[in-house]
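A.B. asks: make a model of this:
(one chain, ligands or ions: 1)
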Amino acid sequence: MLLEVKSVSASYGAFQALFDVDLTIAQGETVAVMGANGAGKSTLFNVIAGGLAARNGAVSFHGKDQTGAPPEAITAAGVACVPEGRRLFSSLTVEENLLMGAHCGRPGDWTLDKVFGLFPILEERRRQAVTSLSGGQQQMVSIGRAMMANPDLLMCDELSLGLAPVVIKDIYAALAKVREAGMSTLIVEQSVTQALAAADRAYCLTEGRVVLQGAAADLSHEVVADAYFGKVH
Ligand code: ATP
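C.D. replies: Below you'll find the model as predicted:
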């Protein structure tokens with residue numbers, strides 16, 4: 001198992017956002033975490049990424065306990081994130097942003113050239129300020145920066161948020177190429193269509209609990225939509 005999340009609970013002060021969440025990702029697998037607004041998807045993402053401490057439970061990566069490890073240690077262990085809202089360095093160029101991803105020093109074959117091969121528009125814009133790019137292009141920079149860390153697991157939070165359908169299609173087509181190259185991926189998505197199309201397996205969170213999970217091919221939109229609202233078949 002590449003990633004194992006065991007019985008994780010997390011809180012913001014007195015408010016409990018996750019309850020005994022279990023999740024696994026095998027080598028080479030793409031797993032989606034779906035759920036309505038406020039279901040706890042980003043909270044789970046942040047616990048795995050080391051940005052938020054779990055109150056209970058454990059997170060292990062490559063079989064090694066990483067519970068409570070800081071984000072730098074998680075990145076060094078091989079988990080790279082495309083965070084919600086992208087969080088790019090606004091004073092830097094496209095290329096400088098991409099190079100920031102390589103700072104963890106993990107070896108691997110993801111270089112600037114390979115990222116430019118995935119997103120040719122970024123090569124054309126490499127010397128421009130990242131803020132001059134469209135939202136979709138900025139999302140490409142965020143994915144490219146994560147790939148520059150040469151991760152074993154790529155985690156993406158709400159890739160499609162705020163983007164036009166045609167741009168979302170391009171972004172997911174690029175992600176499919178990354179998967180085909182053997183990358184394990186965790187995608188957090190509100191869009192059920194997008195999540196089920198992109199993933200091997202999916203989990204649905206409702207009010208901080210896993211209410212449904214299974215192979216993406218076995219999950220119908222109807223069953224997932226009901227799970228979003230707490231109805232279990
Ligand atoms: P969204 O799609 O809106 O990002 P989500 O499924 O990612 O939703 P979370 O962001 O994980 O949900 O939020 C889970 C719950 O925790 C929500 O009820 C939210 O209001 C609450 N929450 C999230 N962040 C904080 C915070 N910093 N302080 C207090 N409560 C928070």
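A.B. asks: what residues does the helix or strand where Ser11 lies touch?
C.D. replies: Under DSSP states H and E, the secondary-structure element containing Ser11 is strand 3-12. Defining contact as Cβ atoms under 8 Å, 6 or more residues apart in numbering, one finds that strand 3-12 is touched by 16-25, 40, 43-44, 47-48, 52-61, 63, 79, 153, 184, 186. Heads up, the C-betas are built off the backbone N, CA and C, glycines and all.
A.B. asks: what's the PyMOL syntax to select whichever of the residues you listed are buried?
C.D. replies: Selection command for PyMOL covering only the buried members of those, criterion 16 or more other Cβ atoms under 10 Å:
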select buried, resi 17+18+19+21+23+24+25+40+43+44+47+48+52+54+57+59+60+61+79+153+184+186
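A.B. asks: and stretch 68-84, what's its mean pLDDT?
C.D. replies: Stretch 68-84 carries an average pLDDT of 92.
A.B. asks: how distant is it from the center of its chain?
C.D. replies: Its chain's C-alpha centre and that of stretch 68-84 lie 11 Å apart, by Cα atoms, centre = their mean, to the nearest Å.
A.B. asks: what is the burial count for the nearest residue to Ala176 once chain neighbours are set aside?
C.D. replies: In this structure, Ala176 finds its nearest non-sequential neighbour in Ala198, 7.2 Å apart by Cβ to Cβ, 6 or more residues apart in numbering. Around Ala198 sit 22 other residues, with neighbours defined as other Cβ atoms under 10 Å.
A.B. asks: Ala198 contacts Thr30, correct?
C.D. replies: Yes - contact between Ala198 and Thr30 holds when scored by Cβ atoms under 8 Å: they sit 6.3 Å apart.
A.B. asks: so Gly38: helix, strand or coil?
C.D. replies: Put simply, Gly38 is coil when judged by DSSP: H, G, I helix; E, B strand; the rest coil.
A.B. asks: so what's Leu196 up against?
C.D. replies: Counting by Cβ under 8 Å, 6+ apart, Leu196 makes contact with 32, 202, 216, 219, 221, 224.
A.B. asks: now, these that are in strands?
C.D. replies: Secondary structure defined by DSSP state E assigns 32, 202 of those to strands.
A.B. asks: which pair in the contacts of Leu196 spans the largest distance?
C.D. replies: Every pair in those was compared (Cβ to Cβ); the two farthest apart turn out to be Ala32 and His221, at 13.3 Å.
A.B. asks: these two: which is more packed in?
C.D. replies: Ala32 (26 against 10).
A.B. asks: number of residues surrounding Ala146?
C.D. replies: Number of residues near Ala146 (other Cβ under 10 Å) recorded here: 24.
A.B. asks: which residues touch the residue most central in space within the chain?
C.D. replies: Centre of the chain computed as the mean C-alpha position; nearest residue by Cα atoms, centre = their mean is Cys156, 1.9 Å away. The contact partners of Cys156, taken as Cβ under 8 Å, 6+ apart, are 81-82, 143, 146, 175, 185-188.
A.B. asks: switch to 7 Å and redo it
C.D. replies: The neighbours of Cys156, taking Cβ atoms under 7 Å, 6 or more residues apart in numbering as the test, are 82, 185, 187-188.
A.B. asks: please apply the same query to His221.
C.D. replies: For His221, the contacting residues are Val192, by Cβ under 7 Å, 6+ apart.
A.B. asks: right, and the helix or strand after the host helix or strand of Ile187?
C.D. replies: Using DSSP H and E, Ile187 sits in strand 184-189. Reading on from strand 184-189 to the C-terminus, the next helix or strand found by DSSP H and E is helix 192-198.
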